[in-house]
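K.L.:
What shape does this take:
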Amino acid sequence: MIHKNINEEQNNSRLDHAATSLFEDFSRSQIQRWISQGNLLVNGEILKAKDKVHTGDEMSLDPIFENRVSWEGEDIPINILHEEEDFIIINKSPGLVMHPGAGCHSGTLANALAFHFPELKKLPRCGIVHRLDKDTSGLLVVAKNEKFRNFFVTKLQDREIFKQYEAIVVGQVIGSFSIDHPLERDPRNRVKMRATDFGRDAVSHVSLIKFYKGYSHISIEIETGRTHQIRVHLSHQKLPIIGDSLYNPRNLIAKNTTKELIGHIQNFSRQALHASKIRFPSSQKEGIFYEFQADLPQDMQSLIKEME
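P.N.:
A predicted model of the protein is given here:
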């Protein structure tokens, strides 16, 4: 059971609208089905989707997954860093889509998981509990059972999962700073997100690892996990990520960059962003935490070497 309280932002909203906002890992159709089936309660009571909820109301969701989509397994190599009884840690390669969807029906991480771990096909998204953009590399947690999946989703919603990334950006970063700027879908381009004063809260903490004459290798710790959060936040701070075709479409080059490095940057085929560290509590032993790290992939290591 997952519990959430209605805040002032959702006050006097319809139940289905408020629930979709708070339980963001689930689709609106899933939320509406669970409301109609009595799997989502408000203060212990069954309500209709159109009923209004108010500040302080407690929503309790029992996410029963039915009519699951079963994706075909494909023999796609995946880098498994660690495996426990309840979860798997994967170091995702850049270019790998998370799961089948519009315009991409095969060749995804979910297809790979269905092949290497057939038992995961009974879980939503083959156990994938959070996501990375297609061209972002790095650490992912995959649940092996519904109990751990529900546990991890709850910890994500409660912001108890530590996630750290590394990126290579255009511009000079000095020391450390935080970005606390809400994000929303760009109404002119639904693929993009944008920084705004009226969106959903988003917080990123940035620290310099090393500066390279116009470019910075940085680490980013995120408190929230909004879509494209790091990419939008850094672009908004005029620190665009190298290779980010969506938020750095001109692939900006710093002044006095050598011809050799310009060529390397122009040929860098994805955003230079990597999920390097994750830490989360054990679902079985209170006070115990798991922490995993993944070194930079070869393409980002080569880019840094060219900058030295």
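
K.L.:
Next secondary structure after the lowest-mean-pLDDT helix or strand in the chain?
P.N.:
When each helix and strand of the chain is scored by mean pLDDT, DSSP states H and E, strand 45-46 comes last, with a mean of 70. Heading C-terminal from strand 45-46, the first helix or strand you meet, by DSSP states H and E, is strand 52-53.

K.L.:
Go ahead and name everything in contact with that next one.
P.N.:
The contact list for strand 52-53 (CB atoms under 8 Å, 6 or more residues apart in numbering) reads 6, 10-15, 18, 42, 47, 59. Where C-beta positions appear, they are placed from N, C-alpha and C, glycine not excepted.

K.L.:
Just the CA coordinates for the longest helix along the chain, please, in CSV.
P.N.:
For the chain, the longest helix by residue count, based on DSSP state H, is helix 146-157. The C-alpha coordinates for helix 146-157 follow below in CSV (Å, rounded to 0.1, in the frame of the first residue of the first chain):
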residue,chain,number,x,y,z
GLU,A,146,6.0,-6.6,-6.9
LYS,A,147,6.8,-6.1,-3.2
PHE,A,148,10.2,-4.5,-3.9
ARG,A,149,8.8,-2.6,-6.8
ASN,A,150,6.1,-1.0,-4.6
PHE,A,151,8.8,-0.3,-1.9
PHE,A,152,11.1,1.4,-4.3
VAL,A,153,8.4,3.5,-5.9
THR,A,154,7.3,4.7,-2.5
LYS,A,155,10.9,5.6,-1.6
LEU,A,156,11.2,7.5,-4.9
GLN,A,157,8.0,9.5,-4.1
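
K.L.:
what comes into contact with it?
P.N.:
With contacts defined as CB under 8 Å, 6+ apart, helix 146-157 is touched by 2, 4, 22-25, 63, 65, 86-87, 123-124, 127, 129-130, 141, 143, 161, 225, 280-281, 283.

K.L.:
hmm, try it at 7 Å
P.N.:
The contact list for helix 146-157 (CB atoms under 7 Å, 6 or more residues apart in numbering) reads 2, 4, 25, 63, 86-87, 123, 127, 129-130, 141, 143, 161, 225, 280-281, 283.

K.L.:
Which ChimeraX command selects the buried ones in the residues you listed?
P.N.:
Applying 16 or more other CB atoms under 10 Å to the contacts of helix 146-157 leaves a buried subset, and the ChimeraX line that selects it is:
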select :2,4,25,63,86,87,123,127,129,130,141,143,161,225,280,281,283
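
K.L.:
Okay, and which of the contacts of helix 146-157 map to strands?
P.N.:
Among the contacts of helix 146-157, the residues falling in strands (DSSP state E) are 2, 4, 87, 141, 143, 280-281.

K.L.:
so which of these comes closest to Pro77?
P.N.:
Closest approach to Pro77 among the ones in strands among the contacts of helix 146-157 (CB to CB): Val141, at 19.0 Å.
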